[in-house]
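1. Task: produce atomic coordinates for the following.
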Amino acid sequence: MDSLGDYAAGSTVNIFFSTSNASGGRVGFLTAIELADFDLYKNTSTTQRTSTAGWTLSETFDSQTGIHAIAIDTSDNTDAGFYAAGNDYTLVLTPDETVDGQTVAAVLGQFSIENRFTRGTDSAALASVCTEGRLAELDAGNLPTDIAAIPTTAMRGTDSAALASVCTEARLAELAAANLPADVAAVKAETALIVADTNELQTDDVPGLIAALNDLSAAAVNAEVDTALSDVNLDHLVGTATAIPAVPAGTYIDQIMDDGTAAYDRTTDSLQALRDTEPHGTAMRGTDSAGTAANLATVDTVVDAIKAVTDLLPNAGALSDLAAILTDTAQIGAAGAGLTDLGGMSTGMKAEVNTEVADVVKTDTLAEVSQGAPPVLASLETKIAYLYTAWRNKITQTSSLQTMFADNGTTALTKATVSDDGTTATKDEVITGA
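-> The predicted structure follows:
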């Protein structure tokens with residue numbers, strides 16, 4: 001690998017390389033290589049430049065077999081920011097074409113962009129300093145003459161002649177002419193004024209103003225507060241009953257007083273008016289004699305109706321006399337025991353009863369019993385259902401277990417343990433088949 005040197009940004013880098021056979025003779029690629037066979041890496045990153053824009057390939061340079069060249073223009077920014085000062089770049093060739101029947105790969109060279117130069121060795125830095133104009137300035141300033149005079153010129157401050165040339169009466173007169181003493185005097189005068197003003201603040205105005213604040217009377221403060229309240233009409237809340245101004249629309253007080261569609265009327269909208277008048281114009285119950293009398297009359301009527309009903313009960317007015325109630329119910333029971341028919345039920349009514357009973361017995365159906373232990377206290381309907389299921393459904397019997405199945409033949413509804421000791425055959429209580 002060749003080190004191609006350090007280049008200024010935007011330069012074009014020319015890279016030459018050759019190919020040969022196993023004997024050293026020059027040969028070309030089996031077929032022409034192309035730009036896609038080259039990869040350019042930045043520093044040690046494995047991400048190569050994505051574009052070959054700005055690259056120019058001479059597959060056979062100057063028609064010389066085995067000699068190849070590629071030019072890389074670093075001013076091309078198609079792959080934005082790839083070329084930048086302060087970086088190293090490595091060009092690698094990995095063609096799919098062969099040389100002398102061999103697959104080859106090579107690191108062709110490495111170059112850098114403004115990563116190793118020193119001032120004075122790069123054309124860009126020199127161009128900015130060593131211009132015709134700058135050279136003319138140096139020449140006009142008699143730089144060679146000044147340099148020649150250095151060995152014979154005494155250092156300033158070490159020889160009396162040199163000091164005399166600097167600290168002269170004329171130079172001192174220039175300082176005096178520039179009014180330096182006057183400027184210093186002016187600064188002193190301004191400083192004196194500042195000191196005077198500060199003393200005045202300390203001894204006159206400020207202490208007097210503070211003392212005046214201490215002398216404010218309660219009446220003066222009260223007057224100022226009254227004025228402030230009056231300015232915003234707050235004095236009309238409780239203190240002033242004359243010349244009451246209109247409440248500005250949209251303020252909180254205005255929104256409390258009315259809904260924005262009608263003016264506030266104290267005869268109907270005040271708290272007292274609202275207290276004396278229930279919604280819909282009816283006097284509040286319990287606050288006016290007319291309303292109270294009407295309510296009492298209604299209550300009296302209801303009580304009279306209740307009393308009329310309770311007066312018809314045995315021992316009227318004595319609902320706590322349970323003994324009398326028991327006596328009356330006993331009489332009803334004795335009278336019912338002597339009934340021999342259905343109280344004169346008509347033939348049609350009896351037929352209807354018969355029809356309903358027949359419907360229950362002949363038409364209504366019962367669902368299959370569910371999986372689980374039969375209850376101890378079961379309804380007649382449940383008991384009949386268990387008997388029918390035991391007669392109809394599949395039952396298996398082993399030497400130790402009897403199982404009754406559901407209609408599907410697989411779900412065990414109930415089961416019971418059985419045993420036989422040669423004398424007594426025993427079937428235990430039926431339990432759930434789960």
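2. got the end-to-end distance for stretch 46-57?
-> Stretch 46-57 has an end-to-end distance of 23 Å (criterion: C-alpha to C-alpha, to the nearest Å).
3. buried stuff in that stretch?
-> Across stretch 46-57, burial judged by 16 or more other C-beta atoms under 10 Å covers 49, 52, 54-55, 57. Heads up, the C-betas are built off the backbone N, CA and C, glycines and all.
4. Among these, pick out the one closest to A412, please.
-> Nearest to A412 among the buried residues of stretch 46-57: R49, at 80.0 Å, using C-beta to C-beta.
5. would you say that closest one is within a helix?
-> No: checked against DSSP: H, G, I helix; E, B strand; the rest coil, R49 lies outside a helix; its state is coil.
6. Tell me the spacing between it and E34.
-> 15 Å (C-beta to C-beta, to the nearest Å).
7. Show me the chain divided up by domain.
-> 2-117, 358-434 (automatic domain parsing).
8. Could you export the ones you listed to JSON lines, including columns for mean pLDDT and distance to A262?
-> Shown next, in JSON lines, are these (pLDDT from 0 to 100; distance: least, C-beta to C-beta, whole Å):
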{"stretch": "domain 2-117", "mean pLDDT": "94", "distance to A262": "73"}
{"stretch": "domain 358-434", "mean pLDDT": "93", "distance to A262": "70"}
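9. Output these as TSV; include the columns distance to T329.
-> Formatted as TSV, the domains of the chain follow (distance: least, C-beta to C-beta, whole Å):
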stretch	distance to T329
domain 2-117	106
domain 358-434	28
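10. how about these, which one is nearest T251?
-> Judging the domains of the chain by C-beta to C-beta, what sits closest to T251 is domain 2-117, at 63.2 Å.
11. and V238, what is it in contact with?
-> V238 makes no contacts at all, as judged by C-beta atoms under 8 Å, 6 or more residues apart in numbering.
12. What segments of the stretch 251-400 of the chain are helices?
-> Here the stretch 251-400 of the chain has its helices, by DSSP state H, counting those that start in this stretch, at 252-257, 266-269, 271-276, 289-310, 322-337, 347-362, 380-392.
13. Which of the ones you listed comes out lowest on mean pLDDT?
-> When those are compared on mean pLDDT, helix 322-337 scores lowest, with a mean of 67.
14. ok, back up a step: and which of the buried residues of stretch 46-57 is nearest to L312?
-> Distance to L312, by C-beta to C-beta, is smallest for R49 among those, at 114.2 Å.
15. hmm, back to that, rebuild the helices of the stretch 251-400 of the chain as CSV, extending it with mean neighbour count and distance to I72.
-> As requested, those are exported to CSV (neighbours: other C-beta atoms under 10 Å; distance: least, C-beta to C-beta, whole Å):
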stretch, mean neighbour count, distance to I72
helix 252-257, 12, 79
helix 266-269, 10, 93
helix 271-276, 10, 95
helix 289-310, 10, 108
helix 322-337, 10, 120
helix 347-362, 10, 106
helix 380-392, 13, 97
